[in-house]
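**Q** any chance you could fold what I've pasted below:
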Amino acid sequence: MSSTANVFVVSPDTRSERRFDLHLTVQQLKNKLELITGVPVQNQAISVFNTEGDTAPAAVLNDDSKPLGFYGVKDLQIFQVSDLNPSTSFTGQLSDVSQVEKFELSEGEYAQRQDTVLAYKQQHKIGRFAEKKDEEEEEGAIPADVKVGARCEVETHVDGLHKRGTVRFVGPTKFAKGAWVGIEYDEPMGKNDGSVKGEQYFQCKPNYGVFVKSERVKIGDFPVEEINFDDEEM
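**A** Okay, the predicted model is just below:
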């Protein structure tokens, strides 16, 4: 019998797949989950579900001294980490926008910058800046380098924010006129799971998918930017 289990960890702001030793106590697990979810140890309430559709948990990890094996934890179960006091936690601070100074950049200021996706499009005459023969061509044309599987970065007005991902769909859609580019982001900064209004155009996890016009897409060898919380002890 395996002494480890691969589970999904879900919290108010995160979702990831992790492997844990079944000999870990609940207290040791909470220490690890604080790094993964941002929820302080003292604020964590952990429920175990067999599937995402379950309404009642299979177990509640409420004894810090017990090992995970005591609760019968097994592969592919879901650890739902609830935040009992979000106002004092890192995740709560992220969710409370009143505590964050809003960064604003006018369209005019953004247009004058030379280090943006917009400037790149203008210089290389890509997207809406490309010379078009007629209105119909402008509506449906996609640059040759925007193709499924290509790494990309999506234009954003927020300084220092890199919304990177992989092109998963290129072409016309049922939700709007013209051609669209479907992207799977590296991080959950999207709006869907690759589907819009019941139509599935590509597959990805919820909030990782987005559809944009090609003029907002810059193709290149963009590395994945992420925080790695993997524990060498696991």
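**Q** this structure: helices as residue ranges?
**A** 26-37, 90-95, 107-112, 117-124, 135-140 (DSSP state H).
**Q** residue nearest the centroid of the chain?
**A** Centroid-nearest residue in the chain: residue 188, 1.3 Å away (criterion: C-alpha atoms, centre = their mean).
**Q** go ahead and confirm that residue touches residue 205.
**A** Yes. If you go by C-beta atoms under 8 Å, residue 188 and residue 205 touch, sitting 7.3 Å apart. Quick note: C-beta positions are derived from backbone N, CA and C, even for glycine.
**Q** got the contact list for the residue lying closest to residue 182 once chain neighbours are set aside?
**A** Sequence neighbours aside, residue 169 is the residue nearest to residue 182 in space, at 3.0 Å (criterion: C-beta to C-beta, 6 or more residues apart in numbering). Residue 169 makes contact with 148, 180, 181, 182, 194, 201, 202, 211 under the criterion C-beta atoms under 8 Å, 6 or more residues apart in numbering.
**Q** isn't the first one up against residue 181?
**A** No. Counting by C-beta under 8 Å, no contact exists between residue 148 and residue 181, whose distance comes to 9.5 Å.
**Q** so what sits against both of these two?
**A** 167, 169, 170.
**Q** for the last one, name its beta-bridge partners.
**A** What it means is residue 170. Here residue 170 sits in beta bridges with residue 181, going by DSSP bridges.
**Q** what's the separation between it and residue 65?
**A** Applying C-beta to C-beta, to the nearest Å, the value for residue 170 to residue 65 is 54 Å.
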